[in-house]
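1. Structure for the following, please:
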Amino acid sequence: MFDPKIISRNPVKASAETILGKFNRTIPYNLDYEYAIWQAQMRLGNRSQKELAAGAVHLRELLFHAEEVEHDRLVEKMEAGEELVFQSDPSKFTALFQEFDLDQQPDFPDASPTEYFAILAMVYTLESLETQFQAESWEAQPDKLNTVQQLQLPSLNTAAQQRLLDAHSLISFIEGIEFESIFRKKNAARANRARNQGYEKLKTRIFEYVDSECVELSNRKAAQVSYLQFQDLVDNTLNSDDPEHQIAKWIGAHRKGSKGRK
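-> Below you'll find the model as predicted:
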């Protein structure tokens with residue numbers, strides 16, 4: 001479990017060059033770190049350092065609860081003899097996001113899952129940098145290391161690289177979410193266009209009928225007659241509990257517009 005204070009003790013609003021400079025980066029992976037920082041910042045650009053620190057606290061709480069839920073779920077599956085399927089942090093996170101109202105936190109208002117994922121990517125990147133910095137410090141003075149530090153040193157480098165990979169994986173996950181969102185919006189827009197075209201065709205048929213057959217009828221009566229005339233088409237086009245009322249409104253607007261053009 002990460003320490004949310006890592007956001008507060010690092011200049012996460014500064015440029016990637018400034019952040020990396022704090023750690024005296026002189027070894028490989030600089031571009032990988034810059035990419036992770038930039039991608040996270042791009043999605044958090046409108047947030048203050050204070051908001052990001054608050055978001056990190058909420059994120060830690062969420063992941064803690066996610067681990068509890070995941071543990072209980074796996075225990076239940078084991079007891080039932082079912083196959084165990086381990087979920088990634090993003091999967092657990094998404095499942096619990098709404099349950100904990102993370103978009104309603106006053107100190108990190110109107111937050112999206114993408115923003116929380118971006119915070120997590122930034123945290124992983126900073127964790128990697130801090131761990132790598134510690135490894136470099138120890139490597140620079142091997143004679144001063146105690147036995148425990150000597151044993152820990154190889155694992156520090158591995159841990160730093162793994163955390164950087166985790167950050168990149170999260171960024172890929174975020175991009176997947178964003179792509180899916182764009183795809184859904186395009187589908188919704190396409191469906192709206194198709195629905196509007198259906199409305200226009202229906203209205204044209206009704207107006208032609210009303211203008212020729214219902215001239216003397218009121219809007220309401222003309223709507224009743226039109227509905228009976230085009231019932232199948234109306235029911236397949238309109239999603240309304242009272243289609244006659246909607247048709248009457250269309251006829252009223254049509255007649256008013258026709259009078260204005262005369």
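
2. Which parts of the stretch 51-200 of the chain are strands?
-> Assigned by DSSP state E, counting those that start in this stretch, the strands in the stretch 51-200 of the chain fall at 104-105, 108-109.

3. In a markdown table, list these along with mean neighbour count and mean pLDDT.
-> Backbone N, C-alpha and C define where each C-beta goes, glycine included. What follows is the strands of the stretch 51-200 of the chain, written out as a markdown table (neighbours: other C-beta atoms under 10 Å; pLDDT from 0 to 100):
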| stretch | mean neighbour count | mean pLDDT |
| --- | --- | --- |
| strand 104-105 | 14 | 80 |
| strand 108-109 | 17 | 90 |
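
4. Okay, and the closest residue to N30 other than its chain neighbours sits in which element?
-> Nearest non-adjacent residue to N30, counting by C-beta to C-beta, 6 or more residues apart in numbering: L20, 6.5 Å away. Secondary-structure assignment from DSSP states H and E places L20 in helix 16-22.

5. Can you tell me which helices and strands that helix packs against?
-> When contacts are defined as 3 or more C-beta pairs under 8 Å, 6 or more residues apart in numbering; DSSP states H and E, helix 16-22 packs onto helix 30-43, helix 113-140.

6. buried sites along that helix?
-> Of all the residues in helix 16-22, those buried under the rule 16 or more other C-beta atoms under 10 Å are 16, 19-20.

7. same thing with stretch 216-227?
-> Buried, per 16+ other C-beta under 10 Å, within stretch 216-227: 219, 222-227.

8. Kindly report the same for stretch 112-124.
-> 113-124.

9. which other residues reach it?
-> If you take C-beta atoms under 8 Å, 6 or more residues apart in numbering as the criterion, stretch 112-124 is touched by 2, 4, 6-7, 12, 36-37, 39-41, 43-44, 47, 52, 55-56, 58-59, 62, 89-90, 93-94, 97, 102-103, 163-164, 166-167, 170-171, 173-174, 177-178.

10. ok, 7 Å please
-> 2, 6-7, 12, 36, 39-40, 43-44, 52, 55-56, 59, 90, 93-94, 97, 102-103, 163, 166-167, 170-171, 173-174, 177-178 (C-beta atoms under 7 Å, 6 or more residues apart in numbering).
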